[in-house]
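A.B. asks: The following block contains a protein sequence and its predicted model.
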2 protein chains.
Amino acid sequence: MIPLKEKQLEFESVYVDLHKFEQHSEWFIKVNPEGQVPVLDHNGTIITHTTVINEYLEDVFPEIPLRPYDPVGKARMRYWNKFVDEHVMNHVSMHGWHRMIGVIARNIESGDFEKLVEKIPLPDQRKKWKTARSGFSEADLQNATDKITYACQKVEDQLGKSKWLAGEMYTTADINFFCHCGMMVERMFPELEVAKNYPRLVDWRDRMNAREGVKQALAMPDHTNPALRTWTGEAR
Amino acid sequence: MIPLKEKQLEFESVYVDLHKFEQHSEWFIKVNPEGQVPVLDHNGTIITHTTVINEYLEDVFPEIPLRPYDPVGKARMRYWNKFVDEHVMNHVSMHGWHRMIGVIARNIESGDFEKLVEKIPLPDQRKKWKTARSGFSEADLQNATDKITYACQKVEDQLGKSKWLAGEMYTTADINFFCHCGMMVERMFPELEVAKNYPRLVDWRDRMNAREGVKQALAMPDHTNPALRTWTGEAR
C-alpha cells in the first residue's frame, strides 16, 4: 500500500481474509495460483511478490519515483531489497507465525486442518502451516532472532553513512524494511532494546512514520483480528 | 561471465581461490566486506550479488539486452530470478557443499579450521562452513532435493508455455537458472531422471549450451580442483 500511496496512484484494495484461508480459496487461486498475497492486478495483468510489484510500479508509473535514476543507486536499492527479502522477512515472519498463525492453526479441528492444508498450492507453505500447528523449534526461533538482531545492526550502521537505506534518496528498500521489520521490531522484540541499541533506526522509523504516504497507508482499514495483531498491534 | 559474454563486453576476470579461502582474505574483504563472490568492479564501483550485478549491467550496457523492455516482461524476469535466488540456488548449493566443501573443510586441522572460520564476515557463512565440516543432516539434504525436484517441474511447465523462462525473450532468468541448476542438475542428481521427466528442460539446456555467449563463458579457464568438480565436472 505504501508505494501506491507515495506515488499517489488510485487503486481499489481487495482484502483477502487470511484468518479464513481465503488466499487458498478457489477464486483467489484463479488470480494467483501460488495462493499468496500481495497481488497487483493492473488492468488484468497480474504481478505477484512485493519486490517484483514495486519494481513494476516504478517501470509503469515513474512520475513520483521511489527508485533512483542512476544505475548505482538502483543497485544499492536492489541490494537492500534482496537482503530484506532473503534475510529479514522470513525470520520476522516466523515469529509472527509462531505467535499468531500457530493459534489459528491449533484452533482448527484435526480433520478440517488436513483438508485446509491440502488446498495450499506451494509445498513450502504447506510445511509452514504444519509446523505452525505443531510449533517451531526453539533453535529455529533463536536463529530467527539472531538474524533480526543482525539486520538491525546492519541498518543502524548504514544509517550512519546515508540518510536512507540505499543512499540519500527514499526508496522501496526503506519501505520494504519498514514493513517487514522496522515498523514493529521494537514492539515484537522488546529484548533487543531497540531504542537504546539502534537509535538511528528509531530516528529513521520516525521519519518513515511522518511521511504522508506512510500515514495514509497505515490509516487504511485494519482487518486483522485485534487479538492476533502481531504486526499491527500489541499481541505477543 | 555469461551476461558479460552475451553482451560482448570486455572485462578482466580475477579468480578468487575458494579452495584457499581467498574470499575471506584481507585483500578481498577490502573489495567486498561480505567476503563473497561474485563481485563486479566497474571503474571502481563495486556491485555484489549475481542478480543485482545482472540488473546493473542491463542499466549501464543496454545495447545487447538480456532484460525485456516492457514492464510486464521485466516483472516476469524478476519473478524467475527471485525464484532461483530464494528457492533453487541454496538447495543445489547445499548438495554442492555437502559433496565438495565438506571434503575441503574436513581436511583442515582442528585449530586451523576455527581460525579460518573466525575470518568469515557473514554469520550465515560461518554457520554453513561449520555445518559442512560436521555434515548436513539427511532431512536437510532431502528437503533440498525436494526443492530442486519442484523447481525442475516448475521450469518444465513454464517451458510448455514459453520458449524461455520469462517469455519469448532470452533473459538473465535463463542464465540464472542455468548456472545454479539447469546446467548440472542431470549430472548432480541422476535419481531425478531428468532426460525422462523433464524433456523440455533438457531441450532448453541444449539451446543454452548452443549459444555463443554461453560457449565462450564455459570455455574460460576452470580453476576448480578436478577432484572437486561438483558443478563443472563429474564428482559426486
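C.D. replies: Now that the structure is in, tell me what you want to look at.
A.B. asks: which is the next helix or strand following the lengthiest helix in chain A?
C.D. replies: Across chain A, the longest stretch assigned as helix under DSSP state H is helix A:138-159. Reading on from helix A:138-159 to the C-terminus, the next helix or strand found by DSSP states H and E is helix A:172-177.
A.B. asks: mind saving the C-alpha coords of the helix or strand just after that next one as CSV?
C.D. replies: Using DSSP H and E, the next helix or strand after helix A:172-177 towards the C-terminus is helix A:185-188. The C-alpha coordinates for helix A:185-188 follow below in CSV (Å, rounded to 0.1, in the frame of the first residue of the first chain):
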residue,chain,number,x,y,z
VAL,A,185,10.6,-4.6,15.7
GLU,A,186,10.6,-2.7,18.9
ARG,A,187,7.1,-3.9,19.9
MET,A,188,7.7,-7.5,18.8
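A.B. asks: tell me the secondary structure for residue A:46?
C.D. replies: State at residue A:46, reduced to three classes by DSSP: H, G, I helix; E, B strand; the rest coil: strand.
A.B. asks: who's in contact with it?
C.D. replies: Residue A:46 makes contact with A:31-32, A:39-40, according to C-beta atoms under 8 Å, 6 or more residues apart in numbering or on different chains. Bear in mind the C-beta positions are built from the backbone N, C-alpha and C, glycine included.
A.B. asks: now with 10 Å?
C.D. replies: Listed by C-beta atoms under 10 Å, 6 or more residues apart in numbering or on different chains, the contact set of residue A:46 reads A:30-33, A:39-40, B:72, B:75.
A.B. asks: For these, pick the one with the most neighbours.
C.D. replies: residue B:75 (26 neighbours; other C-beta atoms under 10 Å in any protein chain shown).
A.B. asks: The residue lying closest to that residue once chain neighbours are set aside - how many residues pack around it?
C.D. replies: Closest residue in space to residue B:75, ignoring its immediate chain neighbours: residue A:56 at 4.7 Å, by C-beta to C-beta, 6 or more residues apart in numbering or on different chains. Per other C-beta under 10 Å, the neighbour tally for residue A:56 reads 22.
A.B. asks: swap in residue A:2?
C.D. replies: Count around residue A:2 with other C-beta under 10 Å applied: 22.
A.B. asks: again, but for residue A:45
C.D. replies: Neighbours of residue A:45 using other C-beta under 10 Å come to 12.
A.B. asks: Relative to residue A:24, how far out is the closest residue to it other than its chain neighbours?
C.D. replies: Nearest residue to residue A:45, sequence neighbours excluded (C-beta to C-beta, 6+ apart): residue B:72, at 5.7 Å. As for residue B:72, its distance to residue A:24 is 26 Å (criterion: C-beta to C-beta, to the nearest Å).
A.B. asks: List the contacts of residue A:36.
C.D. replies: A:16, A:23-24, A:28, A:48-49, A:120-122, A:125.
A.B. asks: What is the least confident helix or strand in chain A by mean pLDDT packed up against?
C.D. replies: Scoring the helices and strands of chain A by mean pLDDT, DSSP states H and E places helix A:102-106 at the bottom, with a mean of 76. Using 3 or more C-beta pairs under 10 Å, 6 or more residues apart in numbering or on different chains; DSSP states H and E as the contact test, the elements touching helix A:102-106 are helix A:110-118, helix A:123-134.
A.B. asks: and the angle from the first one to helix A:123-134?
C.D. replies: Here the directions of helix A:110-118 and helix A:123-134 differ by 150 degrees (axes from the mean of the first three to the mean of the last three C-alpha atoms, to 10 degrees).
A.B. asks: Can you confirm whether helix A:110-118 lies near chain B?
C.D. replies: No: Helix A:110-118 lies out of reach of chain B by C-beta under 10 Å from any C-beta of the partner chain, never closer than 16.3 Å.
A.B. asks: Give the phi and psi angles for residue A:122, as a check.
C.D. replies: phi -90, psi 130 (degrees, to the nearest 10).
A.B. asks: how close does the residue nearest to it when sequence neighbours are not counted get to chain B?
C.D. replies: In space, and not counting its chain neighbours, residue A:122 is closest to residue A:34: 5.6 Å by C-beta to C-beta, 6+ apart. Relative to chain B, residue A:34 is positioned 10 Å away (C-beta to the nearest C-beta, to the nearest Å).
A.B. asks: Are we agreed that residue A:34 is in a helix?
C.D. replies: No: according to three-state DSSP, residue A:34 belongs to no helix; its state is coil.
A.B. asks: so how many other residues sit close to it?
C.D. replies: 15.
A.B. asks: returning to that earlier point: which of the contacts of residue A:36 fall in helices?
C.D. replies: Per DSSP H, these map to helices at A:28, A:125.
A.B. asks: Quick one, which of the contacts of residue A:36 are buried?
C.D. replies: A:16, A:23-24, A:28, A:48-49, A:120, A:125 (16 or more other C-beta atoms under 10 Å in any protein chain shown).
A.B. asks: So what's the predicted local confidence for the closest residue to residue A:97 other than its chain neighbours?
C.D. replies: Among residues not flanking residue A:97 along the chain, residue A:132 sits closest, at 4.8 Å (C-beta to C-beta, 6+ apart). pLDDT for residue A:132: 79.
A.B. asks: and the residue nearest the centre of chain A, what pLDDT?
C.D. replies: In chain A, the residue lying closest to the centroid (C-alpha atoms, centre = their mean) is residue A:180, at 3.7 Å. pLDDT recorded at residue A:180 is 95.
A.B. asks: so how far is chain B from it?
C.D. replies: Between residue A:180 and chain B the distance, using C-beta to the nearest C-beta, works out to 14 Å.
A.B. asks: Enumerate every residue touching residue A:153.
C.D. replies: By C-beta under 10 Å, 6+ apart, residue A:153 lies in contact with A:192, A:197-198, A:201.
A.B. asks: Show the low-confidence segments of chain A, by residue range.
C.D. replies: For chain A, the stretches with pLDDT under 70 are A:227-228, A:230-236.
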